[in-house]
Every structure is written in C-alpha cells, then in structure tokens.
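Asks: Any chance you could fold what I've pasted below:
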Amino acid sequence: MTVSTADDEFSISGYGAIVLLESGCIKNDVTVEFVSGRTTLVPGPVCPDKQIMIGSDKVDLQPADPEPSDR
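Replies: Next up, the predicted model:
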C-alpha cells in the first residue's frame, strides 16, 4: 500500500509501519492507497496525538499509543 501526504509518499508492506509525525502535525490530508487501487482520504490536520490505523479494508484515526518507554 502507499501512504502519501502533500510532501511525501511512502510504500508500506502488509505488516509494516511508518512514523510521519516526528516534527509536528501534517497540515494537509493523508491519502492511503491499497494494493487493490482503492484510496481512502484521512482529513488533515493529523497531529502526534493521533495515529492512522490501516486494516485490510478500512482506515481509522485513533488516539496515539504512548511511547514504548511509558509502558
């Protein structure tokens, strides 16, 4: 699948993950394109307190997990 913002595009494997919010909010929308070609738009802004969770057929914006050191 491909995850893209106004500035960047990332390819992600089926069980992969990426971190996009190391320097603050993504102001624009985030587009998720599945291997099938179907696309889903996540309206921006997306900030570090949220995470985009991508399943096999859906995309959800959820509260971010705490840092691993906080567990």
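
Asks: Assign the most centrally placed residue in the chain to helix, strand or coil.
Replies: In the chain, the C-alpha nearest the mean C-alpha coordinate belongs to Ile52, at 4.0 Å (CA atoms, centre = their mean). At Ile52 the chain is in strand, as set by DSSP: H, G, I helix; E, B strand; the rest coil.

Asks: what's it in contact with, if anything?
Replies: Going by CB atoms under 8 Å, 6 or more residues apart in numbering, Ile52 touches 3, 30, 32, 42, 46, 59-61. No exception for glycine: its C-beta is placed from N, CA and C like everyone else's.

Asks: pLDDT value on it, please?
Replies: Turning to Ile52, the model gives it a pLDDT of 90.

Asks: Which two of the contacts of Ile52 have the greatest separation?
Replies: Using CB to CB, those reach their maximum pairwise distance at Val3 and Asp60, which is 13.9 Å.

Asks: So for these two, which residue has more residues nearby?
Replies: The neighbour comparison of Val3 against Asp60 (other CB atoms under 10 Å) goes to Val3, with 19 against 12.

Asks: The nearest residue to that one once chain neighbours are set aside - how many residues pack around it?
Replies: Counting by CB to CB, 6 or more residues apart in numbering, the nearest residue to Val3 once its immediate chain neighbours are dropped is Phe10, at 4.9 Å. Neighbour count of Phe10, defined by other CB under 10 Å: 12.
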